[in-house]
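Undergrad: Starting from these lines, generate the structure:
(one chain, ligands or ions: 2)
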Amino acid sequence: MGDGSSLPEHPYPVTVDVRGRLAVVVGGGAVAARKIGTLLRCGARVVVIGPELDARIDRNHVDWWEKLYKSGDISVFAPDMPFIVLACTDDDGVNARIVDDARAAGVPLINNVGDPAQSSFFNVAVVETEECLFTVSTRGRDPGMARRLKQRLLRWLQGEVGA
Ligand SMILES: C[C@@]1(CC(=O)O)c2cc3[nH]c(cc4nc(cc5[nH]c(cc(n2)[C@H]1CCC(=O)O)[C@@](C)(CC(=O)O)[C@@H]5CCC(=O)O)C(CC(=O)O)=C4CCC(=O)O)c(CCC(=O)O)c3CC(=O)O
Ligand SMILES: NC(=O)C1=CN([C@@H]2O[C@H](COP(=O)(O)OP(=O)(O)OC[C@H]3O[C@@H](n4cnc5c(N)ncnc54)[C@H](O)[C@@H]3O)[C@@H](O)[C@H]2O)C=CC1
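TA: Ligands and ions are numbered 1, 2, ... in the order given. Below is the predicted model:
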(Lines give C-alpha, C1' and ligand atoms only; values in the text may rest on other atoms or scores of the structure.)
(Ligands and ions follow the chains in the order given, each with its own letter.)
Protein backbone atom coordinates (compact mmCIF):
# COMPACT_ATOMS: atom_id res chain seq x y z
CA MET A 1 0.00 0.00 0.00
CA GLY A 2 1.24 3.50 -0.80
CA ASP A 3 1.93 6.18 1.81
CA GLY A 4 -1.19 8.03 0.74
CA SER A 5 0.64 11.26 -0.07
CA SER A 6 -0.73 11.44 -3.63
CA LEU A 7 -4.28 10.53 -2.64
CA PRO A 8 -7.02 13.17 -2.39
CA GLU A 9 -7.65 14.70 1.03
CA HIS A 10 -11.23 15.48 -0.04
CA PRO A 11 -12.58 13.11 -2.70
CA TYR A 12 -16.06 14.15 -3.88
CA PRO A 13 -18.57 11.72 -2.34
CA VAL A 14 -21.42 10.68 -4.65
CA THR A 15 -23.65 7.79 -5.60
CA VAL A 16 -23.70 7.07 -9.34
CA ASP A 17 -26.47 5.68 -11.57
CA VAL A 18 -24.75 3.04 -13.72
CA ARG A 19 -27.90 1.32 -15.02
CA GLY A 20 -27.31 0.35 -18.63
CA ARG A 21 -23.84 1.89 -18.64
CA LEU A 22 -20.87 -0.03 -20.00
CA ALA A 23 -18.25 -1.20 -17.49
CA VAL A 24 -15.07 -2.89 -18.72
CA VAL A 25 -13.26 -5.03 -16.15
CA VAL A 26 -9.81 -6.30 -17.10
CA GLY A 27 -8.75 -9.44 -15.26
CA GLY A 28 -11.25 -12.08 -14.12
CA GLY A 29 -9.82 -13.00 -10.71
CA ALA A 30 -10.96 -12.76 -7.09
CA VAL A 31 -10.97 -8.98 -6.82
CA ALA A 32 -12.68 -8.62 -10.21
CA ALA A 33 -15.37 -11.06 -9.01
CA ARG A 34 -16.25 -8.81 -6.07
CA LYS A 35 -16.31 -5.62 -8.16
CA ILE A 36 -18.36 -7.33 -10.93
CA GLY A 37 -20.92 -8.54 -8.37
CA THR A 38 -21.47 -4.93 -7.31
CA LEU A 39 -21.58 -3.61 -10.89
CA LEU A 40 -24.20 -6.20 -11.89
CA ARG A 41 -26.31 -5.49 -8.82
CA CYS A 42 -26.23 -1.81 -9.78
CA GLY A 43 -27.41 -2.60 -13.33
CA ALA A 44 -24.25 -1.97 -15.35
CA ARG A 45 -23.46 -3.87 -18.56
CA VAL A 46 -20.21 -5.71 -17.87
CA VAL A 47 -17.49 -6.78 -20.28
CA VAL A 48 -14.67 -8.85 -18.74
CA ILE A 49 -11.33 -9.18 -20.53
CA GLY A 50 -9.04 -11.96 -19.28
CA PRO A 51 -7.89 -15.51 -19.94
CA GLU A 52 -9.68 -16.92 -16.85
CA LEU A 53 -12.97 -16.25 -15.11
CA ASP A 54 -13.29 -16.74 -11.34
CA ALA A 55 -16.11 -19.17 -10.46
CA ARG A 56 -17.86 -16.37 -8.54
CA ILE A 57 -18.37 -14.36 -11.74
CA ASP A 58 -21.84 -14.84 -13.22
CA ARG A 59 -21.06 -16.00 -16.78
CA ASN A 60 -24.64 -15.56 -17.87
CA HIS A 61 -24.62 -11.85 -17.15
CA VAL A 62 -21.22 -10.71 -18.39
CA ASP A 63 -19.71 -10.54 -21.85
CA TRP A 64 -16.40 -12.44 -21.47
CA TRP A 65 -13.54 -11.80 -23.87
CA GLU A 66 -11.31 -14.80 -23.19
CA LYS A 67 -7.93 -13.23 -23.92
CA LEU A 68 -5.09 -11.20 -22.52
CA TYR A 69 -5.61 -7.43 -22.52
CA LYS A 70 -4.01 -5.44 -25.29
CA SER A 71 -3.95 -1.70 -25.92
CA GLY A 72 -6.83 -0.88 -28.25
CA ASP A 73 -9.33 -3.08 -26.36
CA ILE A 74 -10.91 0.02 -24.80
CA SER A 75 -11.08 2.34 -27.82
CA VAL A 76 -12.72 -0.47 -29.82
CA PHE A 77 -16.02 0.40 -28.12
CA ALA A 78 -16.25 3.89 -29.71
CA PRO A 79 -18.62 5.64 -29.98
CA ASP A 80 -20.23 3.73 -27.04
CA MET A 81 -17.23 4.31 -24.78
CA PRO A 82 -17.10 2.59 -21.39
CA PHE A 83 -18.30 4.69 -18.46
CA ILE A 84 -16.14 2.71 -16.06
CA VAL A 85 -12.89 0.81 -16.49
CA LEU A 86 -11.47 -1.37 -13.71
CA ALA A 87 -7.87 -2.59 -13.99
CA CYS A 88 -8.07 -5.81 -11.93
CA THR A 89 -5.13 -7.90 -13.14
CA ASP A 90 -2.32 -9.07 -10.86
CA ASP A 91 0.24 -7.41 -13.14
CA ASP A 92 1.14 -3.84 -12.10
CA GLY A 93 2.53 -2.99 -15.54
CA VAL A 94 -0.62 -4.16 -17.32
CA ASN A 95 -2.84 -2.33 -14.82
CA ALA A 96 -0.89 0.90 -15.39
CA ARG A 97 -1.26 0.53 -19.16
CA ILE A 98 -5.01 -0.04 -18.84
CA VAL A 99 -5.28 3.18 -16.81
CA ASP A 100 -3.30 5.11 -19.43
CA ASP A 101 -5.41 3.69 -22.28
CA ALA A 102 -8.67 4.48 -20.46
CA ARG A 103 -7.50 8.05 -19.73
CA ALA A 104 -6.53 8.55 -23.37
CA ALA A 105 -9.94 7.25 -24.45
CA GLY A 106 -11.69 9.74 -22.13
CA VAL A 107 -13.26 7.15 -19.81
CA PRO A 108 -14.68 9.09 -16.81
CA LEU A 109 -14.39 6.52 -14.04
CA ILE A 110 -11.13 4.59 -13.81
CA ASN A 111 -9.88 2.36 -11.00
CA ASN A 112 -6.62 0.48 -10.66
CA VAL A 113 -7.33 -2.03 -7.87
CA GLY A 114 -3.65 -2.31 -7.07
CA ASP A 115 -2.79 1.40 -6.95
CA PRO A 116 -5.24 3.96 -5.58
CA ALA A 117 -2.95 6.81 -6.71
CA GLN A 118 -3.74 5.89 -10.33
CA SER A 119 -7.50 5.82 -9.79
CA SER A 120 -10.07 8.53 -10.50
CA PHE A 121 -12.40 7.00 -7.90
CA PHE A 122 -12.30 4.48 -5.05
CA ASN A 123 -14.82 1.81 -4.26
CA VAL A 124 -16.46 2.00 -0.84
CA ALA A 125 -17.64 -0.54 1.69
CA VAL A 126 -21.44 -0.71 1.64
CA VAL A 127 -24.26 -1.56 4.00
CA GLU A 128 -27.69 -1.34 2.43
CA THR A 129 -31.02 -1.25 4.18
CA GLU A 130 -34.42 -0.69 2.61
CA GLU A 131 -34.22 3.02 3.33
CA CYS A 132 -30.54 3.83 3.24
CA LEU A 133 -27.20 3.20 1.63
CA PHE A 134 -24.37 3.49 4.17
CA THR A 135 -20.88 3.73 2.76
CA VAL A 136 -17.46 3.70 4.40
CA SER A 137 -14.37 5.15 2.77
CA THR A 138 -10.86 5.72 4.09
CA ARG A 139 -10.14 7.87 0.99
CA GLY A 140 -8.21 5.00 -0.57
CA ARG A 141 -5.87 4.61 2.40
CA ASP A 142 -6.96 1.58 4.42
CA PRO A 143 -9.41 -0.84 2.75
CA GLY A 144 -9.18 -3.31 5.64
CA MET A 145 -10.33 -0.61 8.04
CA ALA A 146 -13.24 0.24 5.71
CA ARG A 147 -14.30 -3.40 5.80
CA ARG A 148 -14.02 -3.61 9.60
CA LEU A 149 -15.98 -0.38 10.10
CA LYS A 150 -18.66 -1.68 7.76
CA GLN A 151 -18.98 -4.82 9.86
CA ARG A 152 -19.35 -2.72 13.02
CA LEU A 153 -21.95 -0.56 11.30
CA LEU A 154 -23.85 -3.69 10.29
CA ARG A 155 -23.83 -5.01 13.85
CA TRP A 156 -24.97 -1.63 15.15
CA LEU A 157 -27.82 -1.47 12.64
CA GLN A 158 -28.89 -5.03 13.46
CA GLY A 159 -28.96 -4.06 17.13
CA GLU A 160 -31.04 -1.00 16.31
CA VAL A 161 -33.75 -2.96 14.50
CA GLY A 162 -33.47 -5.87 16.93
CA ALA A 163 -32.60 -8.36 14.19
C1 LIG B 1 -8.16 1.97 -2.90
C2 LIG B 1 -9.15 0.83 -3.08
C3 LIG B 1 -9.37 0.76 -4.56
C4 LIG B 1 -10.67 0.17 -4.98
O5 LIG B 1 -10.74 -1.04 -5.06
O6 LIG B 1 -11.58 0.98 -5.27
C7 LIG B 1 -8.63 -0.49 -2.55
C8 LIG B 1 -7.34 -0.94 -2.73
C9 LIG B 1 -6.74 -2.06 -2.15
N10 LIG B 1 -7.37 -3.03 -1.41
C11 LIG B 1 -6.47 -3.93 -0.95
C12 LIG B 1 -6.73 -5.03 -0.11
C13 LIG B 1 -8.01 -5.45 0.32
N14 LIG B 1 -9.21 -4.83 0.03
C15 LIG B 1 -10.20 -5.51 0.65
C16 LIG B 1 -11.58 -5.20 0.57
C17 LIG B 1 -12.15 -4.06 0.03
N18 LIG B 1 -11.49 -3.05 -0.62
C19 LIG B 1 -12.34 -2.05 -0.93
C20 LIG B 1 -11.99 -0.85 -1.49
C21 LIG B 1 -10.74 -0.41 -1.87
N22 LIG B 1 -9.63 -1.19 -1.92
C23 LIG B 1 -10.47 1.00 -2.30
C24 LIG B 1 -10.28 1.96 -1.11
C25 LIG B 1 -11.36 1.89 -0.04
C26 LIG B 1 -11.29 2.99 0.96
O27 LIG B 1 -11.13 4.15 0.56
O28 LIG B 1 -11.41 2.74 2.17
C29 LIG B 1 -13.73 -2.34 -0.44
C30 LIG B 1 -14.05 -1.35 0.68
C31 LIG B 1 -14.82 -2.16 -1.48
C32 LIG B 1 -14.79 -3.12 -2.64
O33 LIG B 1 -13.77 -3.55 -3.09
O34 LIG B 1 -15.89 -3.40 -3.13
C35 LIG B 1 -13.62 -3.82 0.03
C36 LIG B 1 -14.34 -4.15 1.32
C37 LIG B 1 -15.64 -4.74 0.91
C38 LIG B 1 -16.52 -5.14 2.01
O39 LIG B 1 -16.18 -5.91 2.91
O40 LIG B 1 -17.65 -4.69 1.90
C41 LIG B 1 -9.65 -6.61 1.37
C42 LIG B 1 -10.43 -7.55 2.22
C43 LIG B 1 -11.08 -8.64 1.51
O44 LIG B 1 -10.79 -8.89 0.32
O45 LIG B 1 -11.88 -9.32 2.16
C46 LIG B 1 -8.26 -6.60 1.14
C47 LIG B 1 -7.24 -7.62 1.66
C48 LIG B 1 -6.34 -7.03 2.72
C49 LIG B 1 -6.99 -6.17 3.78
O50 LIG B 1 -7.88 -6.64 4.51
O51 LIG B 1 -6.55 -5.00 3.88
C52 LIG B 1 -5.19 -3.55 -1.43
C53 LIG B 1 -3.89 -4.24 -1.10
C54 LIG B 1 -3.65 -5.38 -2.07
C55 LIG B 1 -2.33 -6.06 -1.81
O56 LIG B 1 -1.32 -5.34 -1.65
O57 LIG B 1 -2.33 -7.28 -1.81
C58 LIG B 1 -5.37 -2.41 -2.22
C59 LIG B 1 -4.34 -1.64 -3.01
C60 LIG B 1 -3.72 -0.54 -2.18
O61 LIG B 1 -4.34 -0.06 -1.25
O62 LIG B 1 -2.58 -0.19 -2.53
N1 LIG C 1 -8.84 -3.07 -4.64
C2 LIG C 1 -9.07 -4.12 -3.94
O3 LIG C 1 -10.11 -4.24 -3.32
C4 LIG C 1 -8.00 -5.19 -3.83
C5 LIG C 1 -6.94 -5.18 -4.71
N6 LIG C 1 -6.01 -6.20 -4.68
C7 LIG C 1 -5.02 -6.19 -5.78
O8 LIG C 1 -5.74 -6.70 -6.92
C9 LIG C 1 -4.87 -7.45 -7.77
C10 LIG C 1 -5.57 -8.71 -8.27
O11 LIG C 1 -5.81 -9.58 -7.17
P12 LIG C 1 -6.68 -10.91 -7.34
O13 LIG C 1 -7.93 -10.65 -8.08
O14 LIG C 1 -6.76 -11.51 -6.00
O15 LIG C 1 -5.73 -11.80 -8.26
P16 LIG C 1 -6.09 -13.07 -9.11
O17 LIG C 1 -4.81 -13.80 -9.35
O18 LIG C 1 -7.27 -13.79 -8.52
O19 LIG C 1 -6.60 -12.48 -10.50
C20 LIG C 1 -5.78 -11.80 -11.39
C21 LIG C 1 -6.35 -12.05 -12.77
O22 LIG C 1 -5.66 -11.20 -13.71
C23 LIG C 1 -5.62 -11.91 -14.93
N24 LIG C 1 -4.59 -11.32 -15.80
C25 LIG C 1 -3.25 -11.29 -15.62
N26 LIG C 1 -2.65 -10.66 -16.66
C27 LIG C 1 -3.64 -10.29 -17.51
C28 LIG C 1 -3.66 -9.62 -18.76
N29 LIG C 1 -2.56 -9.18 -19.35
N30 LIG C 1 -4.87 -9.40 -19.35
C31 LIG C 1 -6.03 -9.82 -18.77
N32 LIG C 1 -6.05 -10.47 -17.58
C33 LIG C 1 -4.89 -10.70 -16.97
C34 LIG C 1 -5.30 -13.34 -14.53
O35 LIG C 1 -5.68 -14.22 -15.56
C36 LIG C 1 -6.14 -13.50 -13.27
O37 LIG C 1 -7.41 -14.05 -13.57
C38 LIG C 1 -3.62 -7.72 -6.97
O39 LIG C 1 -2.58 -7.04 -7.66
C40 LIG C 1 -3.83 -7.13 -5.60
O41 LIG C 1 -2.74 -6.35 -5.20
C42 LIG C 1 -6.10 -7.22 -3.78
C43 LIG C 1 -7.12 -7.26 -2.86
C44 LIG C 1 -8.16 -6.25 -2.84
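Undergrad: which ones are touching whatever residue of the chain ends up closest to ligand 2?
TA: Here the chain gets closest to ligand 2 at one residue, Gly29, 1.8 Å apart by CB to the nearest ligand atom. From N, CA and C alone the C-beta is placed, and that goes for glycine too. Contacts for Gly29 (CB atoms under 8 Å, 6 or more residues apart in numbering) come out as 50, 52, 54, 88-90.
Undergrad: one more time with 10 Å, if that's ok
TA: With contact taken as CB atoms under 10 Å, 6 or more residues apart in numbering, Gly29 is in contact with 50, 52-54, 56-57, 88-90, 113.
Undergrad: ok, those residues vs Asp73, which is closest?
TA: Relative to Asp73, the closest of the contacts of Gly29 is Gly50; by CB to CB it sits at 10.8 Å.
Undergrad: Residue numbers of the protein in contact with ligand 1?
TA: Within the chain, the positions lying close to ligand 1 (CB under 6 Å from any ligand atom) are 1-2, 34-35, 38, 111, 113-116, 122-125, 137-140, 142-144, 146-147, 150.
Undergrad: Please state the backbone phi and psi of the residue in the chain positioned nearest to ligand 1?
TA: Closest to ligand 1 within the chain is Gly144: 2.9 Å, counting by CB to the nearest ligand atom. Per-residue torsions, Gly144: phi -60, psi -40 (degrees, to the nearest 10).
Undergrad: Tell me the spacing between it and Asp115.
TA: Gly144 is 17 Å from Asp115, where distance means CB to CB, to the nearest Å.
Undergrad: who has more neighbours, the two?
TA: Ranked by neighbour count (other CB atoms under 10 Å), Gly144 and Asp115 place Asp115 first, with 17 against 9.
Undergrad: Pull up the gap between that one and Ala96, please.
TA: According to CB to CB, Asp115 and Ala96 sit 7 Å apart.
Undergrad: Show me whatever sits in contact with both of those two.
TA: Common contacts of Asp115 and Ala96 (CB under 10 Å, 6+ apart): Ala87.
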